[in-house]
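Asks: what's the 3D shape of this:
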Amino acid sequence: MPDSGHPAYYVHIHQGLVRNNRRTKCFQRCFKYFNQMAHQNLESRGKLDGLIREASQSKQRADLLAAENEALQHSSSGSQLSNLKVQTRVAECEEKISALTEELQKSYKNKSEHQQQIIELHQSKMTLQKQLDKVQEELVATLATKEELQGQMKDLQAQLDETSTRLRLVKEELQTRMDQATQDNADKTNLRAENNELIARMMQLKLEQAETINQMTELNAAHQQKINTLEYKIQQLESGNASRIDEALRGIATSDVVVTKPPKTVNRRIDNAHNAEINAVAFDPFGNTFATGGNDKVLRLWSARTCDNTTTLHGPTQSVMTIKYSNSGEKILATSNDHGCYIWSTKTSRLMTTLTGHSEKLWAGGFCNDERIVVTAAYDRTIRFWDLNAGAKCLKTAICHSSCNDLCTIPIGNDLVVTAHFDFKIRLWDPRTQSSEGSIDDAHDTVVTSVAGSPDGTAILSNGRDGVIKVWDIRTFKQLMFFKHDSYDNPLNYGRVCYSPDGKYICAGSGGGRGNDAQILVWDGNRGKCVSQLKKHTSCIPCLAWHPEGQFMVSVSHDKSIIWWTSS
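Replies: So this is what the prediction gives:
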């Protein structure tokens, strides 16, 4: 049975009342039929009693006639005519007695049948009486339920009245708030105007701040240059490392052919190179300087010869995620979690411009072959193309439908931009038309964290969170090779992978998961065999960079250290 508050409950009660009314009418018809049968039975019994009395009287008369006949037989003989009359009378009486006897028997039979009907009717009456009592009990219960429902209806009516009152109050309050909203909109318009004015003032302050940062950078560079000069002289006196590195660099510079050897030993280690985790490292095109950046929001430039910090660049307000040099080495850019891309002059160490427009953290950026074009890709699922010669104007914003973790430019024609995405895809873009050139779907089983172009520009190297490094044909989008190792895992969405300058080796930093130590793995790019495992860092190794001449490699780690690796 439904709950008393449910509408089906009242339907159920109404159906019960209709059913009880129908049964009551049926019982009334039964009692009417029973009374008619009883009345007919009484009439039949009256007729039967009349027949019995009449039969009794007839029998008495027959007895008298028999007695008279017997008396006549014993009396004196009468005339023949009188005797004949008597016999005729006697015969008539006997026939009448016989008829009365037969009628009496029929009356007894009818009486028996009527009594049986009376018994059956009595039984039916008892059954109907019980059913009537049950129906009366249900009717009483139904009446009680009806009274209860009436009480509930009164309560519901009271609730309805209260709800109506509340609704009226809510409507009045809504109207009041609508009036207030109208006033707020007017205030909002005024605030928007004030906000625009504040933004203009803020932009002016940022320009002034950038000028101040540039001045600080110049002062720091001059100060650092003096310190480096003194340290270099001290090192020349105390150590032979500088002369040995100078000799190696001179040998590389005079060599016509780049010969890459897998790194094996630590030449130098710098602990606490930054004040927080280090995320990115990159060499300039000539191998004179490399830059590092991390969660302490600054870029540090290091001498490739002495591994000394020569300059510190300021600008980002959150973590630095990617560092890229232009082909000429005159510019360096860094992307940051503050949604901006910062570009400095390597000659003056001054902040040239800040590219703003993305609405989420910015992990990928780079220069095209034509250095005036910069490409950035962010977690807001957009790729933006910028023209530095047009006042850092955004030429186009392309929708890529997935967050981007990394990008690289490949010098084919006027460049090809390759991006690594969160939806397991690798996408290709033409910077001339700022349009898509296709994609490699399901490039990895999970997030694609890094892409890099081969030195000859014919292949794409990709890294994924699935712990597999893959090589793709740039023309057919077909997989050429893959590299994996039991000791390699990639726990970061910005875990980078790179080629050696001659494309002979591939290296990546492991995150130290699966019970393994943090280490660098180097594979033979032709055979797919791991040829070196370097274990000196104590935490994740998100990025590595080969020296352009191939004899040295630099790695950075979340343990804040920088390690300079050599092949001997």
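
Asks: switch to C-alpha atoms for all contacts and neighbour counts from now on
Replies: Will do.

Asks: lowest average confidence, helix or strand, in this protein?
Replies: Least confident helix or strand of the chain, by mean pLDDT, DSSP states H and E, is helix 241-253 with a mean of 42.

Asks: Spatially central residue for this structure, please.
Replies: Taking C-alpha atoms, centre = their mean, the centroid of the chain lies closest to Asp423, which sits 16.0 Å from it.

Asks: Please look at that residue and Thr446 and confirm they touch.
Replies: Yes: the pair Asp423 and Thr446 qualifies as a contact (C-alpha atoms under 8 Å) at a distance of 7.4 Å.

Asks: Hmm, Ala443 is touching Phe424, no?
Replies: Yes: using C-alpha under 8 Å, Ala443 makes contact with Phe424 at a distance of 5.8 Å.

Asks: neighbour-wise, which of these two wins?
Replies: Between Ala443 and Phe424, Ala443 has the larger neighbour count (other C-alpha atoms under 10 Å), namely 24 against 19.

Asks: show me what contacts that one?
Replies: By C-alpha atoms under 8 Å, 6 or more residues apart in numbering, Ala443 lies in contact with Phe424, Lys425, Ile426.

Asks: With pLDDT and distance to Asn327 as extra columns, can I get the residues you listed in a markdown table?
Replies: Formatted as a markdown table, these follow (pLDDT from 0 to 100; distance: C-alpha to C-alpha, whole Å):
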| residue | pLDDT | distance to Asn327 |
| --- | --- | --- |
| Phe424 | 95 | 29 |
| Lys425 | 96 | 27 |
| Ile426 | 97 | 24 |
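
Asks: Out of those, which is nearest to Gly467?
Replies: Among the contacts of Ala443, Phe424 lies closest to Gly467 (C-alpha to C-alpha), at 13.1 Å.

Asks: about what we covered before: now intersect the contacts of Ala443 with the strands, please.
Replies: Secondary structure from DSSP state E places Ile426 of the contacts of Ala443 in strands.

Asks: between the contacts of Ala443, which is closest to Leu355?
Replies: Using C-alpha to C-alpha, Ile426 is the member of the contacts of Ala443 that sits closest to Leu355, with 24.1 Å.

Asks: Tell me how many other residues surround the closest one.
Replies: Residues lying near Ile426 (other C-alpha under 10 Å) number 27.

Asks: circling back to that earlier point, quick one: pLDDT of the residue nearest to the centre of the chain?
Replies: For Asp423, the pLDDT comes out at 94.

Asks: Next, the contact list for it, please.
Replies: Neighbour list for Asp423: Ser402, Ser403, Asp442, Thr446, Val447, Val448 [criterion: C-alpha under 8 Å, 6+ apart].

Asks: that older thread, quick check: what element follows the least confident helix or strand of the chain along the chain?
Replies: Per DSSP states H and E, the first helix or strand lying C-terminal to helix 241-253 is strand 265-270.

Asks: residues contacting Lys331?
Replies: By C-alpha under 8 Å, 6+ apart, Lys331 lies in contact with Tyr325, Ile343, Trp344, Ser345, Thr346.

Asks: can you rerun that using 10 Å?
Replies: Contact partners of Lys331, counting by C-alpha atoms under 10 Å, 6 or more residues apart in numbering, are 284, 324-325, 343-352, 367, 371.

Asks: Skipping adjacent residues, who's closest to it in space?
Replies: Ser345 (4.8 Å; C-alpha to C-alpha, 6 or more residues apart in numbering).

Asks: doesn't Ile332 make contact with that neighbour?
Replies: Yes: if you go by C-alpha atoms under 10 Å, Ser345 and Ile332 touch, sitting 6.6 Å apart.

Asks: so what sits against both of the two?
Replies: With C-alpha under 10 Å, 6+ apart, Ser345 and Ile332 have common neighbours Leu351, Met352.

Asks: Packing partners of the helix or strand harbouring Asp184?
Replies: Asp184 is part of helix 80-238, with elements assigned from DSSP H and E. Using 3 or more C-alpha pairs under 10 Å, 6 or more residues apart in numbering; DSSP states H and E as the contact test, the elements touching helix 80-238 are helix 7-74, helix 241-253, strand 309-313, strand 351-355.

Asks: Next, the angle from it to strand 309-313.
Replies: Helix 80-238 runs at 130 degrees relative to strand 309-313, counting by axes from the mean of the first three to the mean of the last three C-alpha atoms, to 10 degrees.

Asks: Going forward, count from 41.
Replies: Let's use 41 as the start, then, which means that last one is helix 120-278.

Asks: From the contacts of Lys371, keep the buried residues only.
Replies: Buried subset of the contacts of Lys371 (neighbour count, 16 or more other C-alpha atoms under 10 Å): Asp324, Lys364, Tyr365, Ile383, Trp384, Thr386, Ser389, Arg390, Leu391, Met392, Phe407, Glu411.

Asks: so can I have TSV of the residues you listed showing distance to Trp342, pLDDT and secondary structure?
Replies: Listed next are those as TSV, based on distance: C-alpha to C-alpha, whole Å; pLDDT from 0 to 100; DSSP: H, G, I helix; E, B strand; the rest coil:
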residue	distance to Trp342	pLDDT	secondary structure
Asp324	11	95	coil
Lys364	15	96	strand
Tyr365	14	96	strand
Ile383	18	97	strand
Trp384	15	96	strand
Thr386	12	94	coil
Ser389	13	93	coil
Arg390	16	94	coil
Leu391	18	95	strand
Met392	20	94	strand
Phe407	21	95	strand
Glu411	23	88	coil
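
Asks: Please enumerate the shared neighbours of Ala483 and Phe464.
Replies: Between them, Ala483 and Phe464 share the contacting residues Gly504, judged by C-alpha under 10 Å, 6+ apart.

Asks: Out of the contacts of Lys371, which is nearest to Asp311?
Replies: Using C-alpha to C-alpha, the contacts of Lys371 come closest to Asp311 at Asp324, 22.2 Å.

Asks: mind checking how far Cys133 is from Lys125?
Replies: Counting by C-alpha to C-alpha, to the nearest Å, the gap from Cys133 to Lys125 is 12 Å.

Asks: between the two, who's got more neighbours?
Replies: Using other C-alpha under 10 Å as the criterion, Cys133 and Lys125 rank with Cys133 on top: 19 against 11.

Asks: The more buried one reaches Arg101, doesn't it?
Replies: Yes: contact criterion C-alpha under 10 Å: Cys133 and Arg101 qualify, at 8.4 Å.

Asks: Secondary structure class of the closest residue to Tyr539 other than its chain neighbours, three-state.
Replies: Once flanking residues are discounted, Tyr539 sits nearest to Ile546: 4.7 Å by C-alpha to C-alpha, 6+ apart. Look at Ile546: counting by DSSP: H, G, I helix; E, B strand; the rest coil, its state is strand.

Asks: What count of nearby residues applies to Met166?
Replies: Applying other C-alpha under 10 Å, we find 12 residues neighbouring Met166.

Asks: residues in contact with it?
Replies: Applying C-alpha under 10 Å, 6+ apart to Met166 gives the contacts Glu160, Leu172.

Asks: Would you mind measuring from it to Glu160?
Replies: 10 Å.

Asks: now Gly590
Replies: Counting by C-alpha to C-alpha, the gap from Gly590 to Glu160 is 120 Å.

Asks: Where among the helices and strands packed on helix 120-278 is average confidence lowest?
Replies: Among the helices and strands packed on helix 120-278, helix 281-293 carries the lowest mean pLDDT, a mean of 42.

Asks: Wait, Pro356 touches Thr362, no?
Replies: No: in this structure, Pro356 is not within contact of Thr362 by C-alpha under 10 Å, at 11.8 Å.

Asks: more neighbours, those two?
Replies: Between Pro356 and Thr362, Thr362 has the larger neighbour count (other C-alpha under 10 Å), namely 28 against 21.

Asks: in the sheet, who's paired with the more buried one?
Replies: Thr375 (DSSP bridges).

Asks: which residues touch it?
Replies: The contact partners of Thr362, by C-alpha under 10 Å, 6+ apart, come to 319-322, 332-334, 373-376, 381, 402-406, 445-447, 534, 536, 583.

Asks: mind checking pLDDT for it?
Replies: On pLDDT, Thr362 comes in at 97.
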